[in-house]
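> let's see this in three dimensions:
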Amino acid sequence: MPSLISIQNLTVAFNNEGNNTIAVKSSSIDIKKGELVAVVGESGSGKSVTAMSLLKLLPDKTTQTKGKIFFYQKELQPVDLLTASEKEMQDIRGKKISMIFQEPMTSLNPVFTCGKQVMEVIELHEKISRRLAKQKTISLFEKVQLPEPEKIFNRYPHQISGGQKQRVMIAMAICCNPLLLVADEPTTALDVTVQKNILALIKELQQQNNMSVILITHDLGLVADIADRIIVMYKGAIVEQGNTKEVLLTPQHAYTKALLACRPAGKDKSARLPVVSDFINNENKEIVYAKADALLKENVLVNKENTAVPAIALTVKNLSVHYAAKKKIFGKPEFLKAVDDVSFEVFEGETLGLVGESGCGKTTLGRTILQLIPATSGNIILGQKDITTYKPAELRRLRKDLQIIFQDPYGSLNPRISIGNAILEPLQVHGILQNNRQRKDKVIELLEKVDLTSEHFDRYPHQFSGGQRQRICIARALALNPSFLIFDESVSALDVSVQAQVLNLLNDLKREFNFTAIFISHDLSVVHYISDRIMVMHKGKIVETGTASQIWLHPQQEYTQQLINAVPGRQLSFS
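Numbers count the residues shown, from 1 in each chain. This next block holds a predicted model:
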């Protein structure tokens with residue numbers, strides 16, 4: 001196949017207050033026409049910078065770029081994209097080379113409808129009437145399998161789900177039949193089932209239009225079924241490349257082996273997840289934890305028949321949370337049943353996994369347990385007391401024992417407060433320890449427990465990576481030594497290697513602090529690894545419950561089977 005893009009010895013450096021940071025080092029990539037190439041690596045590996053260089057989207061004043069990027073257009077002389085004029089780039093961007101960015105909510109304009117934004121691109125590049133542009137937009141929405149395309153056309157971005165927003169972005173990217181589509185982490189933080197559908201859609205569109213695709217991701221398992229070739233980047237350099245089967249089955253570089261090994265899918269629950277440093281430093285040491293069944297046996301009470309039963313930390317009885325979906329002038333309003341008559345128990349020292357797609361009610365359930373959302377009906381019994389009857393003052397005292405770690409660590413931290421003071425604040429509020437000197441020592445101790453140092457105390461959230469920010473949120477949640485923690489999608493947006501570090505850290509901290517936890521996620525492979533038992537939630541109801549191994553290996557419900565089958569690269573097994 002002839003080449004479409006030829007990147008030759010690309011080097012990209014950023015000048016930050018006199019300090020040069022090299023993001024891409026002498027990298028060469030050749031993309032054939034009609035080929036789907038996956039560029040894989042962690043955050044900071046240089047993969048997104050390489051993609052942004054194709055469209056000259058990097059800031060001119062602070063970026064130094066060397067090398068050549070040749071774009072071979074139909075029956076035209078090849079263009080070096082790095083030296084092309086702005087006028088030439090305007091003709092190329094969106095029309096010949098288009099890009100899907102990682103976060104669709106920030107890529108879409110919140111003040112314009114979804115249809116209007118796609119129409120704008122079509123009108124700009126194809127010079128057709130508004131009527132025809134609208135028809136084409138609705139046709140594109142049908143092509144990317146959006147439900148009720150005419151209604152989505154008139155909706156604003158905040159009125160549709162994350163998966164639907166990503167489909168709108170795909171429709172916008174392919175509206176002018178580009179020769180090359182660059183998809184930068186298009187499925188990060190999406191449900192595994194939505195993720196699978198989005199990737200299948202990109203592959204289908206690539207084959208229909210004979211379009212080349214550069215798919216950027218941090219998860220090698222994600223591209224196992226759709227990529228023709230894989231390119232692995234590490235610290236700005238290409239360390240391995242080849243056809244998909246060769247790279248996945250016989251990885252040569254230590255970093256590639258690490259990316260494959262640190263995925264939790266199918267891993268032994270009693271073993272520590274490998275991390276990148278284990279492979280790069282050739283120190284792949286295995287640490288064995290107590291198995292899930294043993295964890296439950298450590299926390300037992302003896303009943304009247306002298307039969308050992310697990311001690312119960314939390315009981316939820318017939319809990320419902322309803323929202324008014326539509327108001328009517330006459331008659332009863334319609335209600336959305338976010339949580340619908342849910343009952344379960346959590347044992348002391350247990351990690352209970354709660355898994356399901358977006359909209360199933362799992363986050364609402366978690367926040368209702370914390371009384372951040374009021375229950376419509378039902379009981380939440382903690383320590384033999386029904387906390388749904390607590391008054392505000394009683395709830396404030398309860399916060400010390402009930403903590404939550406949210407999905408977005410950056411949004412959870414105040415950007416104007418140093419991370420040390422953010423962890424110290426709850427100690428002050430609840431009057432823990434005698435003075436701020438002692439509290440600061442406690443904060444430094446917590447930072448060290450989450451693999452940070454005392455030097456990080458005075459730094460601000462923006463000075464940390466995503467994985468480090470999540471560690472900070474964990475340290476803050478542990479500051480009050482809570483007995484119960486809720487992890488709400490706390491690792492879903494992290495690189496697989498960073499995810500492995502955080503999961504290992506949670507296992508370490510659980511052994512030390514002996515807290516009880518509910519771990520919420522859409523990814524069954526992660527929940528299987530970290531949890532003792534799993535509850536599967538669908539449309540506000542618990543549809544299946546069992547031990548982690550029972551749910552993972554022998555799912556009974558069709559919905560659970562769909563979640564497991566959607567886990568990317570589930571069948572891959574590497575040592």
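> for the rest of this, base every contact and every neighbour count on C-alpha atoms.
Will do.
> surely I138 and N154 touch.
No: the pair I138 / N154 is not scored as a contact, 10.4 Å apart, by CA atoms under 8 Å.
> the more surrounded of these two?
Looking at I138 and N154 with other CA atoms under 10 Å, you find the greater number of neighbours at I138, namely 21 against 14.
> so that one, which of the three states?
Under DSSP: H, G, I helix; E, B strand; the rest coil, I138 falls in the helix class.
> returning to that earlier point: common neighbours of I138 and N154, please.
Residues touching both I138 and N154 (CA atoms under 8 Å, 6 or more residues apart in numbering): G115.
> show residues contacting stretch 109-125.
91, 94-95, 108, 128-130, 133-134, 137-138, 152-158, 168, 171-172, 175-176.
> for that stretch, list every residue counted as buried.
Residues of stretch 109-125 classed as buried: 113-119, 121-123, 125 (neighbour count, 16 or more other CA atoms under 10 Å).
> hmm, back to that, and the buried ones among the contacts of stretch 109-125, selectable in ChimeraX?
Typed into ChimeraX, the next command selects the buried ones out of these (criterion: 16+ other CA under 10 Å):
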select :94,95,108,133,134,137,138,152,153,155,156,157,168,171,172,175,176
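> so of the contacts of stretch 109-125, which ones are in helices?
91, 130, 133-134, 137-138, 152-153, 168, 171-172 (DSSP state H).
> got the phi and psi for A265?
For A265, the backbone dihedrals (degrees, to the nearest 10) come out as phi -60, psi 120.
> tell me the pLDDT at it?
For A265, the model assigns a pLDDT of 80.
> who touches it in this structure?
By CA under 8 Å, 6+ apart, the residues touching A265 are 525-526, 529, 567, 570.
> for these, which one is nearest P461?
Taking CA to CA as the measure, P461 lies nearest V526 of the contacts of A265, at 25.8 Å.
> need the nearest residue in space to the closest one, chain neighbours excluded.
Using CA to CA, 6 or more residues apart in numbering and skipping residues adjacent in sequence, the residue nearest V526 is P264, 5.9 Å away.
> repeat for Q241
Distance criterion CA to CA, 6+ apart; nearest residue to Q241, sequence neighbours excluded, is I231 at 4.3 Å.
> gap between I530 and A548?
In this view, I530 and A548 are 9 Å apart by CA to CA, to the nearest Å.
> Provide the secondary structure category for the residue nearest to V526.
Recorded secondary structure, P264: coil (three-state DSSP).
> OK, contacts around it?
273, 500, 525-526, 529.
> ok, of these, which one's closest to T11?
Nearest to T11 among the contacts of P264, counting by CA to CA, is A500 at 30.3 Å.
> ramachandran coordinates for I472?
According to degrees, to the nearest 10, I472 has phi -60, psi -40.
> to clarify, my last question referred to D80.
Note on D80: its backbone torsions stand at phi -80, psi 110 [degrees, to the nearest 10].
> ok, for it, nearest residue in space, not its chain neighbours?
F70 (4.5 Å).
> tell me the secondary structure for the one you found?
Classification of F70 using three-state DSSP returns strand.
> again, but for L354
strand.
> got the ones in helices among the contacts of stretch 109-125 as TSV, with pLDDT columns?
Formatted as TSV, the ones in helices among the contacts of stretch 109-125 follow (pLDDT from 0 to 100):
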residue	pLDDT
D91	88
R130	91
A133	93
K134	94
T137	95
I138	95
I152	92
F153	95
V168	91
A171	91
M172	92
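> pull the most distant pair out of these.
D91 and I152 (28.3 Å).
> who does D488 form a beta bridge with?
I520 (DSSP bridges).
> right, and it touches A517 too?
No: in this structure D488 lies outside contact range of A517 using CA under 8 Å: 10.6 Å.
> excluding chain neighbours, what is closest to K267?
Spatially, and ignoring its direct neighbours in sequence, K267 is nearest to Y529 (6.9 Å; CA to CA, 6+ apart).
> next secondary structure element downstream of the helix or strand that contains that neighbour?
Y529 is part of helix 524-530 when elements are defined by DSSP states H and E. Sequence-wise, the next helix or strand downstream of helix 524-530 (DSSP H and E) is strand 533-538.
> now that next one - C-alpha only, PDB.
Output of strand 533-538 as PDB, limited to C-alpha atoms (Å, rounded to 0.1, in the frame of the first residue of the first chain):
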ATOM      1  CA  ARG A 533     -17.700  -9.800  46.400                       C
ATOM      2  CA  ILE A 534     -19.300  -8.100  43.500                       C
ATOM      3  CA  MET A 535     -22.800  -6.700  42.900                       C
ATOM      4  CA  VAL A 536     -23.900  -6.000  39.300                       C
ATOM      5  CA  MET A 537     -26.300  -3.100  38.900                       C
ATOM      6  CA  HIS A 538     -28.600  -2.400  35.900                       C
END
